[in-house]
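*Asks:* quick one, what's the 3D model for this:
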Amino acid sequence: MLLTTTSVSNSVPGKEQFEAVTDARNAANKQEQMFVKNGMVQGNAGLVPRHVYQDFDSVTVERMRSDDGDTFLNDLMPLSRSVSIGKLISRFRRASDAGVAQASMSGQSAVAFDQVEYKYDGSLVPIYDAGFGRNWREWAAQQSEGFDALIDDQRETVAALRRKIADSFLDGHKDRDGNTLSLDGITWTGMRNDSRVNQVDLGGSGISFDFTDNSKTGEENKAAFIALRNVLWIDNNVAQEATYYISREIAASWEHNFSSQYDAKTIMAELNGLMGVKDIKVSSKLVGNELMAMVLDSNSIKPLVGMGITTVEMPRQVYNSDYRFTVWGAIGWEIRSDFSGNSACLFAQAIS
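*Replies:* Residues are numbered from 1 along each chain as shown. Next up, the predicted model:
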């Protein structure tokens, strides 16, 4: 999600993204130079200094890597894959098994030939953006103050965009009116709702358990959690260990001792030691009796990045136009499943 040295040097799309950002920044400064040539008032004060963009980029990396309580976004960012900004949908195939293996003593049995079958899926890669700006007459003051206030504006705008991206992972890609984005029948409705994610009912028609209930014993919590874990570990045949994310309400309940023995572990520590569980983390984005799990591997789940989070100035039309900046990125989510529809992600909540 970030335009780092690694992402730019190791990826053709990443290099193209960086070049596009450089071109956009240069275009805005060339527009300012036009005002200088034409003798416009304060035209020579409009260029965005190189150090300001460097500060913008440093702030972007700092804020995007900060933990705002969501936790999972930082875990997902290293799995990102850069794609072309032209890809509105990143399509991929799900392949079936192939090959009919056999044994014989002579090796002369007729070979059974086979081939894979495919199902196709895709992930939307929408643009997320936010803006900030200053009145044109403030620019001289900004210069004398080292553009500190402008950099503060950018820092908080990046933070707002980060929250929006984290929300899109849980609740889907939505426009400003709250409608789910859709293109060619492809949508992403979020971990809480999407069919690519194993939706586990903690209500009466499902596991029927409230992990926030402090009156439940350690054994009761363990039995319910094992039923939840088995959705991935057994039902979906997920061999890798999954990371579980729980709400703060569940975490508070799991701080209690697993049993009445004086040296007993907490419920959290007991569950963290189960097979198929890599780690249990707390996320403030989950509320009440909500938890989710995923295998943190790019073959199972990854962010798709059509443009790393960046900041560019919008070219001003006339000398007294306000200065406006856009913080934007193109981010999608790819959840992989096998030919049978088994995936390595789940979301649990009371549905019934």
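*Asks:* and the closest residue to residue 285 other than its chain neighbours, what is it in contact with?
*Replies:* Spatial nearest neighbour of residue 285, excluding adjacent residues (Cβ to Cβ, 6 or more residues apart in numbering): residue 70 at 4.6 Å. In short, each C-beta sits where N, CA and C put it, glycine included. Listed by Cβ atoms under 8 Å, 6 or more residues apart in numbering, the contact set of residue 70 reads 166, 283-285.
*Asks:* neighbour-wise, which of these leads?
*Replies:* Among the contacts of residue 70, the one with the most neighbours (other Cβ atoms under 10 Å) is residue 283, at 23 neighbours.
*Asks:* hang on, that residue packs against residue 71?
*Replies:* Yes: here residue 283 reaches residue 71: they are 4.5 Å apart, a contact under Cβ atoms under 8 Å.
*Asks:* which stretches of this structure have low pLDDT?
*Replies:* Within the chain, the stretches with pLDDT under 70 are 34-47, 92-120, 140, 143-146, 339.
*Asks:* care to break it down by domain?
*Replies:* When the chain is parsed with automatic domain parsing, its domains come out as 5-95+125-174+303-335, 198-298+342-349.
*Asks:* the last one: end-to-end distance?
*Replies:* In this case it means domain 198-298+342-349. 11 Å (Cα to Cα, to the nearest Å).
*Asks:* check which residues of whichever strand or helix holds residue 153 are buried.
*Replies:* Using DSSP states H and E, residue 153 maps to helix 148-171. The neighbour-count check on helix 148-171 (16 or more other Cβ atoms under 10 Å) flags 150-151, 153-155, 157-159, 161-163, 165-166, 168-171 as buried.
*Asks:* what do you get for stretch 126-134?
*Replies:* Residues 126, 128, 130, 132-134 are the ones in stretch 126-134 that count as buried (16+ other Cβ under 10 Å).
*Asks:* in the stretch 1-150 of the chain, which spans are helices?
*Replies:* In the stretch 1-150 of the chain, the helices defined using DSSP state H, counting those that start in this stretch lie at 5-9, 12-37, 50-65, 72-76, 139-144, 148-171.
*Asks:* the stretch 251-352 of the chain too?
*Replies:* Going by DSSP H, counting those that start in this stretch, the stretch 251-352 of the chain shows helices at 267-272.
*Asks:* where does residue 228 sit: helix, strand or coil?
*Replies:* Put simply, residue 228 is helix when judged by DSSP: H, G, I helix; E, B strand; the rest coil.
*Asks:* got the phi and psi for the residue nearest to residue 285?
*Replies:* Per-residue torsions, residue 70: phi -80, psi -30 (degrees, to the nearest 10).
*Asks:* check the gap between it and residue 167 for me.
*Replies:* Per Cβ to Cβ, to the nearest Å, residue 70 is found 9 Å from residue 167.
*Asks:* any idea which of the domains of the chain gets closest to residue 189?
*Replies:* Closest of these to residue 189 is domain 5-95+125-174+303-335, at 4.0 Å (criterion: Cβ to Cβ).
*Asks:* got the residue ranges for the strands in the stretch 151-300 of the chain?
*Replies:* For the stretch 151-300 of the chain, the strands defined by DSSP state E, counting those that start in this stretch cover 198-201, 242-246, 277-282, 291-294.
*Asks:* ok, the third one: who's next to it in the sheet?
*Replies:* As defined by DSSP bridges, the strand partners of strand 277-282 come to strand 242-246 (parallel).
*Asks:* now swap in the first one and tell me
*Replies:* Paired strands of strand 198-201, with direction, are strand 345-349 (parallel) (DSSP bridges).
*Asks:* please tell me how far the strand it pairs with is from the chain's geometric centre.
*Replies:* 16 Å (Cα atoms, centre = their mean, to the nearest Å).
*Asks:* now swap in stretch 168-181 and tell me
*Replies:* 13 Å.
*Asks:* do stretch 150-161 as well
*Replies:* 19 Å.
*Asks:* who touches it?
*Replies:* 52, 55-56, 59-60, 63-64, 66, 68, 128-134, 142, 309, 311, 325, 327-329.
*Asks:* again, but for stretch 214-221
*Replies:* Residues contacting stretch 214-221 (Cβ under 8 Å, 6+ apart): 209-211, 253-254, 256-259, 264, 267, 270-271.
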